[in-house]
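Asks: Any chance you could fold what I've pasted below:
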Amino acid sequence: MTSTVASKTGVRRVLLHVGTPKTGTSYLQDVLFRNRDLLREHGILYPADRFDGHFLAALDLMRLTWGGLETEAVGAWDRLAAEVRDWPHTSIISHEILSTASPTQIDRALTSFGEGVEVHLILSVRDLVRQVPAEWQENVKHRSLVSYAHFLEMIRDPGRDTRIGSWFWGAQEIPDILDRWGAILPPEQVHLVTVPRPGAAPDELWRRFSGTFGLDGIDLDLTPERANPSLGVPETALLRLINKRVTSVVAPPDYRPLVRELLAHQTLSRRTESARLGLPPATHEWVRELSRTWADEIQKRGYDVVGDLADLIGQPPETFTDPDTAPASDLLPASLDAIKALLLEGSRLRESEARLARELDETRAELELARRSPAEKTVRAMQTHKPGRAALRAYRLLRRR
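Replies: Numbering: from 1, shown residues only. Next up is the predicted model:
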């Protein structure tokens with residue numbers, strides 16, 4: 001499944017990466033987007049004219065609302081699919097929210113690629129010991145007020161009838177995702193990329209992605225520019241408190257750049273010495289047991305596993321720090337960093353506002369000058385130097401005679 005084979009044989013392939021969230025997807029999509037011209041030269045199409053192009057296409061396919069972005073998404077999937085149909089070699093599509101698609105939406109997606117295409121499903125997966133707290137953090141970074149304890153209750157509820165519980169399992173239950181997306185594909189066209197356990201080489205996950213997507217041997221720019229970093233316990237607790245104060249007064253278009261990006265990703269995520277969020281002991285054991293059943297089921301199905309199914313069994317439990325009861329003293333350092341970041345951003349915006357005001361004044365002056373008659377322009381120009389002012393005085397004296 002390499003780009004060289006695809007280009008030589010003329011086989012149309014679609015490598016469809018459907019998640020899961022928090023498995024290095026932001027980095028993967030960043031690399032693919034920034035290198036899309038180079039990839040074309042190697043017979044690989046990554047159809048996107050903006051970084052979030054596949055996200056918008058997924059929103060369109062699944063008819064999801066997303067803080068107003070859905071209005072930009074109208075028609076995005078059809079445009080993406082049209083590019084794929086026109087490309088004679090290998091195409092890559094990647095976004096993690098596709099993992100939650102319904103059978104009807106999946107049928108529409110697969111049909112949209114046209115006839116005679118060889119679809120390969122790629123699912124990147126990580127152990128639930130890390131995925132559960134990561135999903136709660138993502139909820140908090142998207143304005144959620146739900147406590148960690150309540151979140152854990154909802155995902156453990158067998159009914160799965162809450163919005164959070166339904167979304168979590170739609171995006172994280174590996175056998176179910178494979179049932180929905182891989183139902184009509186032979187096992188050799190279904191590929192699971194496991195996220196390495198903590199302590200693995202920093203480039204190990206990329207090495208697994210690269211081999212699966214047929215990118216080996218292509219001199220890609222792997223400089224990290226985008227990521228979705230995690231937060232420590234006090235930082236996440238602080239963010240949830242901020243949500244309680246601002247959710248009703250800060251609109252979603254402003255929340256994303258100010259709270260999620262500036263505070264969470266650019267500021268609080270840099271505080272790496274804080275306690276990491278984990279699972280309480282009872283939830284930890286339940287999660288590990290569930291993961292073992294998933295690994296056994298995947299092995300029976302005979303899918304192509306890139307990595308090791310043992311990666312799905314989370315690490316032994318560590319000391320649990322509860323974000324719901326984090327004391328104010330733990331939140332203070334993170335709060336000061338957040339205030340500093342907001343003050344710097346406020347200063348930058350004030351400077352930008354002042355510069356724009358100066359430019360507006362200059363433009364108004366130029367427009368006013370452009371409206372004046374030639375004679376008025378001449379008089380004003382003469383008033384700017386001594387000989388001109390003298391000539392004007394002489395002219396006025398003559399007019400009075």
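
Asks: Check the burial of residue 391 by counting its neighbours.
Replies: 11 (other CB atoms under 10 Å). C-beta: built from backbone N, CA, C; applies to glycine.

Asks: residues contacting it?
Replies: Shown in contact with residue 391 (CB atoms under 8 Å, 6 or more residues apart in numbering): residue 382.

Asks: what's the distance between it and residue 383?
Replies: Applying CB to CB, to the nearest Å, the value for residue 391 to residue 383 is 10 Å.

Asks: Mind giving me the packing neighbours of the helix or strand harbouring residue 153?
Replies: Per DSSP states H and E: residue 153 is located in helix 148-156. Packed against helix 148-156 by the contact rule (3 or more CB pairs under 8 Å, 6 or more residues apart in numbering; DSSP states H and E) you find helix 128-141, helix 163-172, helix 281-301.

Asks: quick one: that helix to helix 163-172, angle?
Replies: Using axes from the mean of the first three to the mean of the last three CA atoms, to 10 degrees, the inter-axis angle of helix 148-156 relative to helix 163-172 is 60 degrees.

Asks: residues in contact with helix 148-156?
Replies: Under CB under 8 Å, 6+ apart, the answer for helix 148-156 is 132-133, 135-136, 139, 146, 162, 164-165, 168-169, 277, 279-280, 283, 286, 322-324.

Asks: Kindly report the same for stretch 244-261.
Replies: With contacts defined as CB under 8 Å, 6+ apart, stretch 244-261 is touched by 67, 68, 141, 142, 143, 145, 239, 242, 243, 342, 345.

Asks: Quick check: of those residues, which lies closest to residue 205?
Replies: Closest to residue 205 out of these is residue 141 (21.5 Å), distances taken as CB to CB.

Asks: on that earlier part again, quick check: buried residues in the helix holding residue 153?
Replies: If you call a residue buried by 16 or more other CB atoms under 10 Å, then helix 148-156 has these buried ones: 148, 151, 152, 154, 155.

Asks: And the average pLDDT for it is what?
Replies: Averaging pLDDT along helix 148-156 gives 97.

Asks: And it, how far out from the chain middle?
Replies: Chain-centre distance of helix 148-156: 24 Å, with CA atoms, centre = their mean, to the nearest Å.

Asks: With stretch 204-219 instead?
Replies: Put simply, stretch 204-219 sits 21 Å off its chain's centre (CA atoms, centre = their mean).

Asks: and if you look at stretch 50-64?
Replies: 11 Å.

Asks: Report the mean per-residue pLDDT for that stretch.
Replies: On average, stretch 50-64 scores 95.

Asks: can you give me the strands for this protein?
Replies: Using DSSP state E, the strands found in the chain span residues 12-17, 44-45, 90-94, 117-125, 190-194, 304-306.

Asks: so where's the stretch 151-300 of the chain shaky on pLDDT?
Replies: Flagging of the stretch 151-300 of the chain using pLDDT under 70 yields the residue ranges 226-227.

Asks: Go again with 90.
Replies: Along the stretch 151-300 of the chain, the model assigns pLDDT under 90 to residues 223-230, 247-248, 252-253.

Asks: okay, how far is it across stretch 61-71, tip to tip?
Replies: One end of stretch 61-71 sits 13 Å from the other (CA to CA, to the nearest Å).

Asks: Just the residues contacting it, thanks.
Replies: 56, 58-60, 73, 77, 97-98, 100-102, 105, 108-109, 252-253, 255-256.

Asks: can you rerun that using 10 Å?
Replies: Contact partners of stretch 61-71, identified using CB atoms under 10 Å, 6 or more residues apart in numbering, comprise 52, 55-56, 58-60, 72-73, 76-78, 80-81, 95, 97-98, 100-102, 104-106, 108-109, 112, 142-143, 251-253, 255-256.

Asks: sorry, back to before: how about JSON lines for the contacts of stretch 244-261, with neighbour count and distance to residue 17 added?
Replies: Below are the contacts of stretch 244-261 laid out as JSON lines (neighbours: other CB atoms under 10 Å; distance: CB to CB, whole Å):
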{"residue": "67", "neighbour count": "12", "distance to residue 17": "24"}
{"residue": "68", "neighbour count": "11", "distance to residue 17": "26"}
{"residue": "141", "neighbour count": "25", "distance to residue 17": "22"}
{"residue": "142", "neighbour count": "15", "distance to residue 17": "22"}
{"residue": "143", "neighbour count": "19", "distance to residue 17": "27"}
{"residue": "145", "neighbour count": "12", "distance to residue 17": "32"}
{"residue": "239", "neighbour count": "23", "distance to residue 17": "29"}
{"residue": "242", "neighbour count": "20", "distance to residue 17": "33"}
{"residue": "243", "neighbour count": "21", "distance to residue 17": "31"}
{"residue": "342", "neighbour count": "15", "distance to residue 17": "36"}
{"residue": "345", "neighbour count": "16", "distance to residue 17": "34"}
